[in-house]
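*Asks:* got a predicted structure here, sequence first:
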Amino acid sequence: MSERRFSDEEVRQIFDRAARSDPQPVGGGGSGATGLTLAELQDIGSEAGLSPEAVAMAAASLTRPATSGLSDVERLPLLRLPVGLNRAVPLGRSVDDAEWGWLVMHLREMFRARGQTETSGGFRVWWN
């Protein structure tokens with residue numbers, strides 16, 4: 001009988017649940033520091049078939065300054081009622097067609113609006 005193989009989503013769920021349930025994670029080298037270094041993450045990633053560059057880019061995306069979600073709310077001039085919002089998030093990489101489709105689908109569900117999409121060169125926009 002062959003050993004069970006877990007899908008990527010199952011692997012993510014397994015490690016997520018294990019991390020939440022383990023009161024004392026193993027490691028840290030006794031220095032009191034918790035977490036993993038980029039080099040350690042790259043080693044783990046390479047065991048999982050990921051390039052060190054992809055892991056470094058993903059780690060760098062976590063260190064970008066967060067932007068306020070509603071800082072760019074558009075309001076009616078007279079009554080100051082909110083009529084829209086916009087937000088730009090730098091990803092540090094191109095978004096492929098499948099990711100763009102997924103994002104637009106979620107925006108349409110969130111705002112309960114079909115909206116419009118536009119592509120100009122490498123720039124993509126969804127608006128309602």
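*Replies:* That came through fine.

*Asks:* going by C-alpha atoms from here, please, whenever you check contacts or count neighbours.
*Replies:* Will do.

*Asks:* give me the number of residues near Gln13?
*Replies:* By other Cα atoms under 10 Å, the residues close to Gln13 number 12.

*Asks:* any idea how far it lies from Arg20?
*Replies:* The spacing between Gln13 and Arg20, counted by Cα to Cα, to the nearest Å, is 11 Å.

*Asks:* low-scoring stretches of this structure, by residue?
*Replies:* Low-confidence segments of the chain (pLDDT under 70): 1, 22-33, 63-78.

*Asks:* against Leu79, how distant is Arg93?
*Replies:* Per Cα to Cα, Arg93 is found 39 Å from Leu79.

*Asks:* with just CA atoms, put the helix or strand in which Glu9 is found into PDB.
*Replies:* Take DSSP states H and E as the rule and Glu9 turns out to sit in helix 8-21. Extracted in PDB, the C-alpha atoms of helix 8-21 (Å, rounded to 0.1, in the frame of the first residue of the first chain):
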ATOM      1  CA  ASP A   8      -0.500  21.800  -1.200                       C
ATOM      2  CA  GLU A   9      -3.700  23.100   0.500                       C
ATOM      3  CA  GLU A  10      -3.700  20.100   3.000                       C
ATOM      4  CA  VAL A  11       0.000  20.800   3.700                       C
ATOM      5  CA  ARG A  12      -0.800  24.400   4.400                       C
ATOM      6  CA  GLN A  13      -3.600  23.500   6.700                       C
ATOM      7  CA  ILE A  14      -1.600  20.800   8.600                       C
ATOM      8  CA  PHE A  15       1.300  23.200   9.300                       C
ATOM      9  CA  ASP A  16      -1.200  26.100  10.200                       C
ATOM     10  CA  ARG A  17      -3.000  23.800  12.700                       C
ATOM     11  CA  ALA A  18       0.300  22.400  14.100                       C
ATOM     12  CA  ALA A  19       1.700  26.000  14.600                       C
ATOM     13  CA  ARG A  20      -1.500  27.000  16.400                       C
ATOM     14  CA  SER A  21      -1.600  24.000  18.700                       C
END
